[in-house]
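Engineer: Take a look and give me a structure for this.
(one chain, ligands or ions: 1)
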Amino acid sequence: MFAFSCSRPHAAGFAGLVRQIRQASSKRWQARQQRDQFTREAAVQGLKSRAAFKLLQIDDKYRLFRRGQTVVDLGYAPGSWSQVAVNRTQPNGRVLGVDIIPAQPPKGVSTIQGNFLSPEIQEYIEEFLRNPNRGRPRQLDNIDNDSTSSLLEANETQSEAEDESESPDTRQWRTVDVVLSDMSAPWYQTSGFWKRSLSNPYHRMMNTSGNNFRDHAGSMDLCNAALQFSSKVLKAGGHFVCKFYQGAEDKDLEKQLKEMFQKVHRLKPESSRSARKGI
Ligand SMILES: C[S@@+](CC[C@H](N)C(=O)[O-])C[C@H]1O[C@@H](n2cnc3c(N)ncnc32)[C@H](O)[C@@H]1O
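Structural biologist: Numbers count the residues shown, from 1 in each chain. The predicted structure follows:
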């Protein structure tokens, strides 16, 4: 049974309540203004979405990117993180975007369409990455071989010691400097409607439901899959950036990250301050 019991507050309390409502609405207005400002700025800079600013802020703080690096962007569509990665790894960087939905790849980005949770898709991605020149611009003269050696200020940095204990065979499979994972609910489809896919990706992927626990659990599955993948492909000194919905299980994820990486930072960038996602 639901019941409403309303009583008008006494005079002083009522004025206080009105003040509180005004303050809350002014805060919401400011947050909306800030979001709109990032959206406008993204359009001015030719970025696919304002999500780019989160990554730019992270890179400004932790220096993830260097020229010539290999970056994998999981859940890349519409592509603003990939745009940042292309821009910051020039010249000779290579960026591979993976997404379950069909999307127009940003300039300079190689893409694979498929469900990242599928072992076949991961095998396909690994095969692509095994050849360090695949997806890289032609002129290879200036490749910065040092690009990955000493990024200790990383968002997350893999331990050198771990890497030295590996066989040369395993080490040569590690061709990736940065794994980004922003996999979550899809953007609205704006193109490619003529593509009929039996797998119907828009219905299968992790769509945000508004149910906190469900969204958190879905986001943990995607982060864990991205982390497992990173443990296979990341070079020593590499970085892993993962966006997730906060909840009960994120402590376990953080624990795992701390076992695998020298440094782990948990942050909420300026451009998403009012959202409930964590990075
Ligand atoms: C928030 S968007 C990414 C935005 C992107 N970082 C950018 O800056 O433009 C999340 C993306 O994750 C993708 N995604 C969700 N689940 C996926 C999965 N299992 N495999 C591949 N992509 C997935 C969605 O299709 C969606 O395009």
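Engineer: Can you spell out which residues form a bridge with the closest residue in space to Ser219 that isn't next to it in sequence?
Structural biologist: Distances taken as C-beta to C-beta, 6 or more residues apart in numbering put Tyr245 closest to Ser219, at 4.2 Å, once the chain neighbours are dropped. Using the backbone N, CA and C atoms, a C-beta is placed for each residue, glycine as well. Beta-bridge partners for Tyr245, by DSSP bridges, are Lys277.
Engineer: Isn't Tyr245 up against Leu222?
Structural biologist: No. Using C-beta atoms under 8 Å, Tyr245 and Leu222 do not qualify as a contacting pair, with a distance of 9.8 Å.
Engineer: Show me what from the stretch 51-200 of the chain comes close to the ligand.
Structural biologist: Selection of the stretch 51-200 of the chain residues close to the ligand by C-beta under 6 Å from any ligand atom yields 51-52, 75-81, 98-101, 115-117, 182-184, 186-187.
Engineer: Now, of those, which are buried?
Structural biologist: 51-52, 75-81, 98-101, 115-117, 182-184, 186 (16 or more other C-beta atoms under 10 Å).
Engineer: Stretch 250-268: end-to-end distance?
Structural biologist: 14 Å (C-alpha to C-alpha, to the nearest Å).
Engineer: same check, this time on stretch 66-76
Structural biologist: 19 Å.
Engineer: any residues touching the helix or strand that contains Gly218, and which ones?
Structural biologist: Element membership of Gly218, judged by DSSP states H and E, is helix 212-233. For helix 212-233, contacts defined as C-beta atoms under 8 Å, 6 or more residues apart in numbering pick out 72, 74-75, 116-117, 122, 125-126, 129, 173-176, 179, 181, 183-184, 206, 208-209, 238, 240, 242-250, 253, 256-257, 260.
Engineer: What's the mean pLDDT across it?
Structural biologist: Helix 212-233 carries an average pLDDT of 91.
Engineer: now stretch 66-83
Structural biologist: On average, stretch 66-83 scores 96.
Engineer: where does this protein dip in pLDDT?
Structural biologist: 1-25, 29-35, 139-171, 185-210, 269-279 (pLDDT under 70).
Engineer: any idea where the helices of it begin and end?
Structural biologist: Using DSSP state H, the helices of the chain run over 11-44, 52-62, 80-89, 119-130, 160-164, 168-172, 201-204, 212-233, 250-260.
Engineer: residues near Cys223, how many?
Structural biologist: Look at Cys223: counted by other C-beta atoms under 10 Å, it has 23 neighbours.
Engineer: Can you tell me how far the residue in the chain that the ligand sits nearest to is from Asp252?
Structural biologist: The nearest approach of the chain to the ligand comes at Gly75, 2.6 Å away (C-beta to the nearest ligand atom). In this structure, Gly75 and Asp252 are 21 Å apart, going by C-beta to C-beta, to the nearest Å.
Engineer: before we move on, what about Pro91?
Structural biologist: Taken as C-beta to C-beta, the span from Pro91 to Asp252 is 40 Å.
Engineer: Number of residues surrounding the closest residue to Gly108 other than its chain neighbours?
Structural biologist: Closest residue in space to Gly108, ignoring its immediate chain neighbours: Val86 at 4.2 Å, by C-beta to C-beta, 6+ apart. Val86 has 21 neighbouring residues, counting by other C-beta under 10 Å.
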